[in-house]
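[1] Next come a sequence and a model predicted from it.
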Amino acid sequence: MTLSLPSPPSPPLLSPSGQGDALPHPPAIARQGELRVLLVEDNRSHAEVVEQVLREGGIRFSIERVETGPAFREKLELHPPDLILSDYALPSFDGLAALTIAKDKTPDVPFIFVTGTMGEEVAIETLKKGATDYVLKTRLARLVPSVQRALREAAERRERQRAEEQLRRSHEQLRALTSYLQYVREEERTRIAREVHDELGQSLTGLKMDLAWIAGQLAKNGRTLLQKVKTMSSDIDATIQTVRRIATELRPGILDNLGLVAAIEWQANEFQTRTGITCTVASTVTDTLWDEDFSTAFFRIFQETLTNIIRHANATRVEVELSEQDGCLILIVKDNGRGITEADVANTRSIGLIGMRERAALVGGEINFQGAPGHGTIVTVRIPLPVRRD
Ligand SMILES: Nc1ncnc2c1ncn2[C@@H]1O[C@H](COP(=O)(O)OP(=O)(O)OP(=O)(O)O)[C@@H](O)[C@H]1O
Ligand SMILES: [Mg+2]
C-alpha cells in the first residue's frame, strides 16, 4: 500500500474533504508538554510516516511502538500513554483486541485507528466498542485534527469527572456534617435533660423536705409563717413538674427505657391533650428496643410531623399507624387537614421537610409526603430495621 502524506503537510490541517475537523485553537496538550503516544503498528515505515505527520502538525510527542498483544498490554500497565494509535490488521495481533485491552486497562485514553482500509460497518463497530475515531492511511491529513479533537474531548471528560467527584465529595461532607450535628444535638439534649432532671429535681426535692421540717417547727406558733411555707411548698411542686416536663421534652426517657412504640404512643397522647386534636395510634409492632440512632431518627421525624400538623394542617383528627414490612419499620401519619401541596414538598425552602428527609436518609430510610387539597396529608416514613438491641 502507498501512504499519502498531506500536501502541503503543514498547515492547514484540514481533512481533504475540507469539512473542518481543524480546530480554531492549537491543541492545549502540545503547548503544555510532550504527548506520550503508543503506536500499535507492525510496519516500521508506516510508523515513520505517522510520526512525521504528527510532527508536521505541530504536536510535541514521544512515541513507542508495539506490534504484539503482550507488548501492548505491558506498555499500558507500566507507562499508560496519553494517546493510542493503532493499526487495524496486524500479523500477530488485531486492532479490535487492542481496543478491548485498552478499554479495560486505560478506558480514558483516546484510541484512534490508523488503518489501511476499513469498511463502514467495521468502522461503526469499532466506534461502538469505544474507539475515539478512525483515520485511513490514505487520508492522513485527518490525523492531526482527529488527535487534537480526541485530546480536547479527553481533557473535557477529565474536567467533568473532576467536577462531579468534587460535587459528590461535598455532598458526602454535607451528609456527614448533618449527621454529626444531629448526633451532637441529641447528645446535648440528653445530657441537659439528665442534668435538669437529676440535679435540679433533686435539689428542689431537698428544699421541699427542708420546708416540711420548718413547717413542723412552726406549727405551734406562727400561723402566717405556716401559710407562707405552704405556698412555697406548692410552688416547688409546680417547679418540679416544670423541670420534669422540660427534661421530657428535651429527650423523653420513655424512648430509652420503653422503646419507640411506647414513646410514639406517649407523644400522640401528649399531642391530643395539648391540642385537643384526636390522635389515635394503631401498631402491629411489638419488639421495639432498637438501637438509639434508629429510634431517635424515627421519633424526631414523628415529632416534626405532629408539629407541622399543629402549625399548618388545621386538622381535627390524626391517625398514626406503625407496622413492619419487608424488614422496614413503617410509620404512616394521616391528618384530615388542608393537605400539603406539591409546591410545599418540592420547595427547597421547606427546611423542616428537608431535615426529615435527611434524618431518614441517614439511617438508610426514606419519607414521602402526599397531600390532597381539603383532604389532608399522609406522611409515610419507611426505615430499614436495625439489628435488635437486647
Ligand atoms: N400536615 C401538613 N398539612 C398541610 N401543610 C403542611 C403540612 N406539613 C407541612 N405543610 C406545608 O409544608 C411547608 C413546609 O414544611 P416545613 O416543615 O418544611 O416548614 P415549616 O413547618 O413551615 O417551618 P419549619 O422549618 O419550622 O419546620 C409548610 O410551610 C406548610 O405549608
Ligand atoms: Mg415544620
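    Here it is on my side, so go on. Ligands and ions are numbered 1, 2, ... in the order given.

[2] Please identify the residues of the stretch 201-350 of the chain in proximity to ligand 1?
    Residues of the stretch 201-350 of the chain found near ligand 1 (Cβ under 6 Å from any ligand atom) are 308-309, 311-313, 335, 337-340, 344, 350. Yep, even glycine has a C-beta here, placed from its N, CA and C like the rest.

[3] dump the residue contacts of the residue in the stretch 151-300 of the chain that ligand 1 sits nearest to.
    At 11.3 Å from ligand 1, residue 277 is the closest residue in the stretch 151-300 of the chain, using Cβ to the nearest ligand atom. Listed by Cβ atoms under 8 Å, 6 or more residues apart in numbering, the contact set of residue 277 reads 271, 309-310, 315-318.

[4] Which members of those are positioned in helices?
    residue 271 (DSSP state H).

[5] so which of the contacts of residue 277 would you say is closest to ligand 1?
    For the contacts of residue 277, the nearest to ligand 1 is residue 309 (4.8 Å; Cβ to the nearest ligand atom).

[6] tell me which element whatever residue of the stretch 251-390 of the chain ends up closest to ligand 1 falls in.
    Across the stretch 251-390 of the chain, no residue is closer to ligand 1 than residue 352, which sits at 2.2 Å (Cβ to the nearest ligand atom). For residue 352, the host element (DSSP states H and E) is helix 351-362.

[7] Tell me the buried residues in that helix?
    353, 356-362 (16 or more other Cβ atoms under 10 Å).

[8] Partner strands of the helix or strand following that helix and their direction?
    Next helix or strand after helix 351-362 toward the C-terminus (DSSP H and E): strand 366-371. Sheet pairing for strand 366-371, assigned by DSSP bridges, gives strand 377-384 (antiparallel).

[9] Say whether ligand 2 is contacted by the partner strand.
    No. On the criterion Cβ under 5 Å from the ion, strand 377-384 is out of touch with ligand 2, staying 11.3 Å away.

[10] Wondering if that strand reaches ligand 1 at all.
    Yes. Part of strand 377-384 sits near ligand 1 under the criterion Cβ under 6 Å from any ligand atom, namely residue 377.

[11] Now do that strand and helix 351-362, the angle between them.
    Strand 377-384 and helix 351-362 are oriented at 20 degrees to each other (axes from the mean of the first three to the mean of the last three Cα atoms, to 10 degrees).

[12] got a list of contacts for strand 377-384?
    294, 297-298, 301-302, 305, 309, 313, 327-335, 337, 339-340, 356, 360, 363-371.

[13] Which strand or helix spans residue 49?
    Under the criterion of DSSP H and E, residue 49 resides in helix 44-56.

[14] Can I have the buried ones of the contacts of strand 377-384 as a PyMOL selection?
    Buried members of the contacts of strand 377-384, defined by 16+ other Cβ under 10 Å, are picked up in PyMOL with:
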select buried, resi 294+297+298+301+302+305+309+313+329+330+331+332+333+334+335+337+339+340+356+360+363+365+367+369+371
